[in-house]
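Asks: below is the sequence, then the predicted model.
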Amino acid sequence: MSLLGILVFSGALILGGLPACTQSRPSPSQRETPAQIEEKSRQHVSRAWLSHREYLEKGDWPKSREELEKVFQSNLDHGIRNDYLSSLALLRESSQAPRRGMSKAEGELLAYAHRMAPDYSEVLQTRARWFLTQVPTNWENATQAVSTWAKGVFLSFANQEEAFPRLANISFWILLSFILTFAAFAVSLLFRHYSYFTHHLKHLIQLDTSDLPLMALSFLFLFSPFFLGLGWMWLFALWVLVFWIYGRRSDRVLTLVLLGLLLLFPLGIRFHSSLVCSLTDNGIPEILRANHGAWNQDLYRKLLDLNKAHPQDPDILFSLGLVEKRMGKWSEAEQRFLQLLQLDPRSPGGLNNLGNILLLTGRLDQAAEAYQKAARLAPYRAEPPYNLGQAYLLKLRMKEAEAEFMRAQRLQPQKISYHTTISSKHPNRLVMDWPINPIQVWKRVWVPTPEREQIARRFWELLWNGVPLEHGEIALAALFLLLGGVHLVSRGLSLIRSCERCGTLICSRCSRSRVIGNQCIQCLNAFTTSSNADPKVIRKKRAAVARYQSRQNFLPQRLSWILPGAGHLMRGRTGEGLFYLFVLFLFLTRAIWWAGWIPNPLSSDSSLEIPWLVFALGLFIFFYLFVQYRMKQIRLQGGMAYLRRS
């Protein structure tokens, strides 16, 4: 803010008198109650909104805009930054404007939607799509569309009212996709190494028995977690441990990676449960709405109830004080912030907001002192110096005011620019309130509550039944110890490998003759020109090899058609296959819960528009075709035989 701007502003203050809040206040009997003030304001806004709709239906956009401006100014007078309901309504009206023959009003309706809720990502994403429609008239709209869309993506995670349901859905998709990927990996190990396991089981029990009892015994062992009533994840974990001894180096490395990620599984469940509870529990919705949204008497009563139940909760005191300040209940708001400062004397937000109450009630020196303390505690925030500049202006100390305004401008230029555009002599617009710190809200999200623990336990018991969630990390860490034991025991065991031509098992314990490479004796005889074997036996063996090679070449390919990535696992491309499977499961879970496992209350119908569905479908088709192309390349390269330790 320039010196000239400050002088003009100060001159307006002098000519217009001091702000209404610093003038003589009416007696209590003459003052309207907050409920009366809110009701009168609500009626005023409702009339203006209805008039806006009527004029818009008639196609009279100038008059409609005048009424819409009244709604916007009323929100600012009430200290409301984000009026999501009005913004959503304007988004719907903007989409209907072209059908009404009011294409020129579409952009202005979107602009008002952004003004009504500047932190709402849905508005920016809708505006980005609108900018794309304007590209033929001006190619600069293309870059504006990209930048607007990027800002919308950022706000979808920065705005906590949107971020919490969004992150709850993302964490759910990641957890579920990881579970399915881990299960697919375990099942692939079962199919690839089951024959090795049964062969060694036969050596272990040292009984000359038929295949059926051996299969029954192996089945009982491999599915023992299921019969013991344990969760499905214990079943898959058992397979991963048992078949570790038969795995290639890549399988073993990825097994360690997956088990390492499993250690984070209990933390992921708690994180997801905390986000789910944050939408309804622990006072978080009320705190966020009080600080940034459209407050009303119902919200005020909820905050009073929360304060009564938790009188020493600083976040509730902070939010309650903000609402009371915006309602004009300055004495009550002052008491809230004084209580807050008793709990935390070094709270810069509390000092700043207390200074606002002191300024609005004419105690300028005390307000300036509170702002100075807040500025020392938080030198990176623009609110204290900006408000201190306002206090200096009211005391006609122009040089000090200019210095503070310039300081605030350097610290947070965008915030100061926004506030100066809406600033007026109204009490809720003259000074800048300090909303609650997002980090403090995140800390509140992580506070354990009975509801959070109940959700987390139910999620855990569906998969890991038999071990309490409280001991989840210990139980999963024990898997690493078991894996180490399996590895040490398997080091002294004999080798098992498959013939690379016919797939026959080659066991060093069973074979009494020398085997060259990874081929059985029959294949060596059948494919050696100097062999003296019976020609009929050779032809029969070669036919069996051809059938086996055909299965090896085409079975993974066909499996990949059904489950992209599974064919890569069967062909030994474990890392690539797991990545494709994880992406596939992300697509599937997203398709099943398109609107989200946890519905976002701030999401509009525009998120379900056909273009987004077409884009998602096109992206999946590209992914599917790419996986098939990679599978074809692997098939053309041919199979490989590996030495496996049993």
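Replies: Yep, that arrived.
Asks: using the three-state scheme, assign residue 496.
Replies: Under DSSP: H, G, I helix; E, B strand; the rest coil, the three-state class of residue 496 is strand.
Asks: my read: it touches residue 202, true?
Replies: No. The pair residue 496 / residue 202 is not scored as a contact, 11.6 Å apart, by Cβ atoms under 8 Å. Yep, even glycine has a C-beta here, placed from its N, CA and C like the rest.
Asks: which of the two has more neighbours?
Replies: residue 496 (24 against 18; other Cβ atoms under 10 Å).
Asks: so which bits of the helix or strand hosting residue 629 are buried?
Replies: Taking DSSP states H and E as the criterion, residue 629 maps to helix 610-637. Buried positions in helix 610-637, judged by neighbour count with 16 or more other Cβ atoms under 10 Å: 620, 623-624, 627, 630-631, 634-635.
Asks: again, but for stretch 231-249
Replies: Those would be 231-247, for stretch 231-249 by 16+ other Cβ under 10 Å.
Asks: rounded mean pLDDT for it, please.
Replies: Taken as a whole, stretch 231-249 has a mean pLDDT of 89.
Asks: need the per-residue pLDDT for residue 559.
Replies: Residue 559 is assigned 86 on the pLDDT scale.
Asks: equivalent analysis for residue 168, please.
Replies: For residue 168, the model assigns a pLDDT of 93.
Asks: dump the residue contacts of it.
Replies: Residues in contact with residue 168 (Cβ atoms under 8 Å, 6 or more residues apart in numbering) are 272, 275-276, 279, 597-598.
Asks: before we move on, what about residue 336?
Replies: 317-318, 320-321, 324.
Asks: quick one: which of those residues is nearest to residue 144?
Replies: residue 318 (37.4 Å; Cβ to Cβ).
Asks: surely the closest one meets residue 349?
Replies: Yes. At 6.7 Å, residue 318 and residue 349 qualify as touching, with contact defined as Cβ under 8 Å.
Asks: and for these two, which residues touch both?
Replies: Common neighbours of residue 318 and residue 349 are listed as residue 436 (criterion: Cβ under 8 Å, 6+ apart).
Asks: which residues of the stretch 1-150 of the chain fall in strands?
Replies: Along the stretch 1-150 of the chain, counting by DSSP state E, counting those that start in this stretch, no stretch forms strands.
Asks: in the stretch 201-350 of the chain, which segments are predicted with low confidence?
Replies: 206-210 (pLDDT under 70).
Asks: and the strands in this protein?
Replies: Applying DSSP state E to the chain gives strands spanning 495-498, 505-507, 644-645.
Asks: show me what the longest one is packed against.
Replies: Just to be clear, that refers to strand 495-498. helix 160-205, strand 505-507, strand 644-645 (3 or more Cβ pairs under 8 Å, 6 or more residues apart in numbering; DSSP states H and E).
Asks: domain map for this protein?
Replies: 32-118, 167-269+459-645, 286-445 (automatic domain parsing).
Asks: which of those domains is buried the deepest?
Replies: Stretch with highest mean neighbour count among the domains of the chain: domain 286-445 (a mean of 20; mean count of other Cβ atoms under 10 Å).
Asks: now do the contacts for residue 233.
Replies: Residue 233 neighbours (Cβ under 8 Å, 6+ apart): 179, 182, 463-464.
Asks: to clarify, my last question referred to residue 354.
Replies: So residue 354 contacts 334, 337-338, 341, 370 (Cβ under 8 Å, 6+ apart).
Asks: distance to residue 195 added to those, as TSV?
Replies: Output for those, formatted as TSV (distance: Cβ to Cβ, whole Å):
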residue	distance to residue 195
334	79
337	73
338	76
341	73
370	78
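Asks: which among those residues gets closest to residue 108?
Replies: Residue 108 lies nearest to residue 337 out of those, by Cβ to Cβ, at 39.3 Å.
Asks: pull the contacting residues for the closest one.
Replies: 317-318, 321, 350, 353-354, 357.
Asks: report the central residue of this protein.
Replies: Among the residues of the chain, the one closest to the centroid is residue 167, at 2.2 Å (Cα atoms, centre = their mean).
Asks: that one and residue 304, how far apart?
Replies: Separation of residue 167 from residue 304 (Cβ to Cβ, to the nearest Å): 30 Å.
Asks: hey, which helix or strand in the protein has the poorest pLDDT?
Replies: For the chain, counting by mean pLDDT, DSSP states H and E, strand 644-645 ranks last in confidence among helices and strands (a mean of 36).
Asks: let's have the domains of the chain in a markdown table, adding distance to residue 124.
Replies: Listed next are the domains of the chain as a markdown table, based on distance: least, Cβ to Cβ, whole Å:
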| stretch | distance to residue 124 |
| --- | --- |
| domain 32-118 | 7 |
| domain 167-269+459-645 | 12 |
| domain 286-445 | 14 |
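Asks: least reliable of these going by mean pLDDT?
Replies: Across the domains of the chain, domain 167-269+459-645 has the smallest mean pLDDT, namely a mean of 81.
Asks: mind checking how far that one is from the chain centre?
Replies: The chain centroid and the centroid of domain 167-269+459-645 are separated by 29 Å, computed with Cα atoms, centre = their mean, to the nearest Å.
Asks: excluding chain neighbours, what is closest to residue 623?
Replies: Nearest residue to residue 623, sequence neighbours excluded (Cβ to Cβ, 6 or more residues apart in numbering): residue 583, at 6.3 Å.
Asks: ok, the one you found to residue 301 distance?
Replies: Residue 583 is 48 Å from residue 301, by Cβ to Cβ.
Asks: ok, residue 196 next?
Replies: From residue 196 over to residue 301 (counting by Cβ to Cβ), the distance is 68 Å.
Asks: now do the same contact list for the nearest residue to residue 466 once chain neighbours are set aside.
Replies: Among residues not flanking residue 466 along the chain, residue 230 sits closest, at 4.2 Å (Cβ to Cβ, 6+ apart). Going by Cβ under 8 Å, 6+ apart, residue 230 touches 464-466.
Asks: ditto for residue 220
Replies: residue 227.
Asks: with residue 377 instead?
Replies: So residue 377 contacts 346-348, 351 (Cβ under 8 Å, 6+ apart).
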